[in-house]
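Participant: Provided below are the primary sequence and the corresponding predicted coordinates.
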Amino acid sequence: MLIKEYSESFPCSIVRLAAVYSDWCEYPMLYMLLKHWLSANKLTSRILSGRGESAVPYIHIRNLIKLFLRIIEISDTLPQFATYIASPQGSVSHNELFKAVTRYYYGYEVKPFKMPKFFVRLGLIVISFFGWLTGKETLEKPWMAEYIDKKLTIDASATYTALDWTPTPRYYILRRLLFLTEKMTAYPYDWNFRNEISIHKVAYRKSTIIYDILIQHRNLLIDNIIKEVILPENNVRFPNYSKMDRELLKWYITLNYQVIATTVRDRDRLIISNFVQQVAHRRYIEGFNVKEIKDLILFTGKTMEAFLLERPELKGFKQRVEDYIVLTAQYVIDELEDTYDVLKGILGTPPPQEVASIKENEKVTNSENIQLILEQLEDVGANLLSYHPNGEVIFKKYGALIKLSPLKRQ
């Protein structure tokens, strides 16, 4: 064994992993099970293979990281060559998973329908055959039928003793399924993207390529935008932005930039509505004309578009780039004008009470506050502007007092 040979020169540890998952799932087999069990089809979603006794051990990524860190921490005291098992004790069956996830998702337990192994095997053969006919490889394979009702039970006690480490119980799969179902319902776009991309190495996700380019060259593009905004000949076009503190201007432009980029990545423009509520209220109170705000957003979008169209990897995707960037910028502008109309009372409705309260409280004028929001936007799993379990509290944290109602689960 290669590793054993190298262990004569330096310490080596082999770590055998259980099925690794995260709060976003990101383990293909578990994802397929959850997708099937929680689908809208009330009949097929209840099907379990065989007796439902198929079982494997699962380990949360955070427990796995702690194990690796523990090995590194005590590496000087470990044997020159050793094997460890990264897993909780035992295993978790499909019956247990189904019972837990349906209770978390629906609020009550669903009675499963247990399909005999013969019919499951037949179904796998049919699915695999059609995948072969269409040229689309499927995750389901006939050989999987051999593992129906088999329990791959683990005894990791020797690892626990050797490393003085045990998995944290709150990361056990049956407890953590509550977090997985919440992620799935609160962030469906992120959920599907994270899991589908691990199954299918999709080339059609140009949005991911575009997002990566935008993030890689963000500082360059933002610097170019700032240089244009502060040009003397643009003082009429950007009378307020051109006089703004440079650091603060940079963060405001970065926020606009990141919202567009995040929308491209997630392909979800719903975050824009909440973003515009912050921008419009703030600019309205600070005396900005709506045209100045629109011009900056449109100029930001056009700058991003022009840069992307020069990239060789996006050759032939002019329409896609325009749809992702320019249409998103236009969407922001339309939402902005709608909000300004309400604030001005043009629609015959009184201005929101939040406007008066913001005047009397701290404004979002600290670049550190804006940076915190940007960090949230950069995190795929923390779409601050798209989901607000406690919207009012979150925005108070950043100095804004706009009250947003939580999204309701459909």
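Facilitator: Noted; the coordinates are in hand.

Participant: can you give me the strands in the stretch 51-200 of the chain?
Facilitator: In the stretch 51-200 of the chain, the segments counted as strands under DSSP state E, counting those that start in this stretch are 55-56, 58-60, 81-86, 92-93, 113-115.

Participant: So for residue 104, which of those strands sits nearest?
Facilitator: strand 92-93 (14.6 Å; Cβ to Cβ). C-betas here are computed from N, CA, C, even on glycine.

Participant: Packing partners of that closest one?
Facilitator: Strand 92-93 sits against strand 55-56, with contacts defined as 3 or more Cβ pairs under 8 Å, 6 or more residues apart in numbering; DSSP states H and E.

Participant: Name the residues that touch the strand it packs on?
Facilitator: 18-19, 91-94, 96, 150-153 (Cβ atoms under 8 Å, 6 or more residues apart in numbering).

Participant: any idea how far that strand is from the chain center?
Facilitator: Computed by Cα atoms, centre = their mean, to the nearest Å, the chain-centroid distance of strand 55-56 equals 27 Å.

Participant: Next: stretch 255-265.
Facilitator: 14 Å.

Participant: now stretch 109-120
Facilitator: The answer for stretch 109-120 is 32 Å, by Cα atoms, centre = their mean.

Participant: and if you look at stretch 220-229?
Facilitator: Relative to the chain's own centre, stretch 220-229 is displaced by 28 Å; criterion: Cα atoms, centre = their mean.

Participant: which other residues reach that stretch?
Facilitator: Defining contact as Cβ under 8 Å, 6+ apart, one finds that stretch 220-229 is touched by 214, 234, 238, 241-242, 246, 249-250, 253-254, 257, 296, 299-300, 303-304, 307.

Participant: if we compare the strands of the stretch 51-200 of the chain, which one ends up closest to residue 165?
Facilitator: Here strand 81-86 is closest among these (Cβ to Cβ), at 9.0 Å.

Participant: What is the closest one packed up against?
Facilitator: Contact analysis of strand 81-86 by 3+ Cβ pairs under 8 Å, 6+ apart lists strand 12-17, helix 61-73, helix 157-163 as its packing neighbours.

Participant: I'd like the ones you listed laid out as a markdown table, including mean neighbour count.
Facilitator: Below are the helices and strands packed on strand 81-86 laid out as a markdown table (neighbours: other Cβ atoms under 10 Å):
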| stretch | mean neighbour count |
| --- | --- |
| strand 12-17 | 15 |
| helix 61-73 | 16 |
| helix 157-163 | 15 |
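
Participant: now those as a markdown table including mean pLDDT and distance to residue 289?
Facilitator: As requested, those are arranged in a markdown table below (pLDDT from 0 to 100; distance: least, Cβ to Cβ, whole Å):
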| stretch | mean pLDDT | distance to residue 289 |
| --- | --- | --- |
| strand 12-17 | 94 | 58 |
| helix 61-73 | 95 | 49 |
| helix 157-163 | 96 | 64 |
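
Participant: that older thread, derive a ChimeraX selection command for the buried subset of the contacts of stretch 220-229.
Facilitator: Burial among the contacts of stretch 220-229 is assessed by 16 or more other Cβ atoms under 10 Å; the matching ChimeraX selection reads:
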select :214,234,238,241,242,249,250,253,254,257,296,299,300,303,304,307
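
Participant: Relative to the whole chain's centre, how far out is the longest helix along the chain?
Facilitator: Secondary structure of the chain read by DSSP state H shows that its longest helix is helix 318-344. Taking Cα atoms, centre = their mean, one finds the center of helix 318-344 at 23 Å from the center of the full chain.
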